[in-house]
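Trainee: got a sequence here, can you model it:
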Amino acid sequence: MNEIRIVAELEVMPEHREAMLPAFRAMVEASRAESGNLAYDLTEDLENPCRFFILEAWASAGAIVEHNASAHFKAFGEFQKDKLRRKAVVKLKQLF
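Mentor: Numbers count the residues shown, from 1 in each chain. Presented below is the predicted three-dimensional model:
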């Protein structure tokens, strides 16, 4: 099994939350359309509406490389650069 999962945590500064929502939507829609994508879900913390988690599943490491090189990924990265309080990305593989 080559599938790789990613959990990305993004905490948006409160004053930028509303501006980030359309950018999140565009990123989710474009990422789901990629050939190597198996899942791409945006979730929101129930206790902190400025804290988001992107739950991703990719067919391979190569699919992630392609995703990271995509125009929509680069555009999202540039847009969110000055709007986040915190960002953490964890790559995971399933054991069983």
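
Trainee: helices of the chain, residue ranges please.
Mentor: Here the chain has its helices, by DSSP state H, at 17-32, 61-69, 71-80.

Trainee: with mean neighbour count, distance to residue 38 and mean pLDDT as added columns, please give the ones you listed in TSV.
Mentor: Yep, even glycine has a C-beta here, placed from its N, CA and C like the rest. Listed next are those as TSV, based on neighbours: other Cβ atoms under 10 Å; distance: least, Cβ to Cβ, whole Å; pLDDT from 0 to 100:
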stretch	mean neighbour count	distance to residue 38	mean pLDDT
helix 17-32	15	10	98
helix 61-69	14	9	97
helix 71-80	14	16	97
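
Trainee: could you dump these to a markdown table with distance to residue 53?
Mentor: Shown next, in a markdown table, are the helices of the chain (distance: least, Cβ to Cβ, whole Å):
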| stretch | distance to residue 53 |
| --- | --- |
| helix 17-32 | 11 |
| helix 61-69 | 17 |
| helix 71-80 | 14 |
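
Trainee: for residue 67, which residues are in contact?
Mentor: Neighbouring residues of residue 67 by Cβ atoms under 8 Å, 6 or more residues apart in numbering: 31, 34, 36-37, 58, 73.

Trainee: can you tell me the distance between the two ends of stretch 46-61?
Mentor: 31 Å (Cα to Cα, to the nearest Å).

Trainee: when you give positions from now on, start the count at 23
Mentor: With the count now opening at 23, the last piece we talked about shows up as stretch 68-83.

Trainee: spatially nearest residue to residue 48, not counting backbone neighbours?
Mentor: residue 94 (6.7 Å; Cβ to Cβ, 6 or more residues apart in numbering).

Trainee: so the one you found touches residue 55, yeah?
Mentor: No - assessed by Cβ atoms under 8 Å, residue 94 is found out of contact with residue 55, at 9.2 Å.

Trainee: which ones are touching the closest residue to residue 57 other than its chain neighbours?
Mentor: Distances taken as Cβ to Cβ, 6+ apart place residue 85 nearest to residue 57, at 7.5 Å, with adjacent residues excluded. The contact partners of residue 85, taken as Cβ under 8 Å, 6+ apart, are 26, 56-59.
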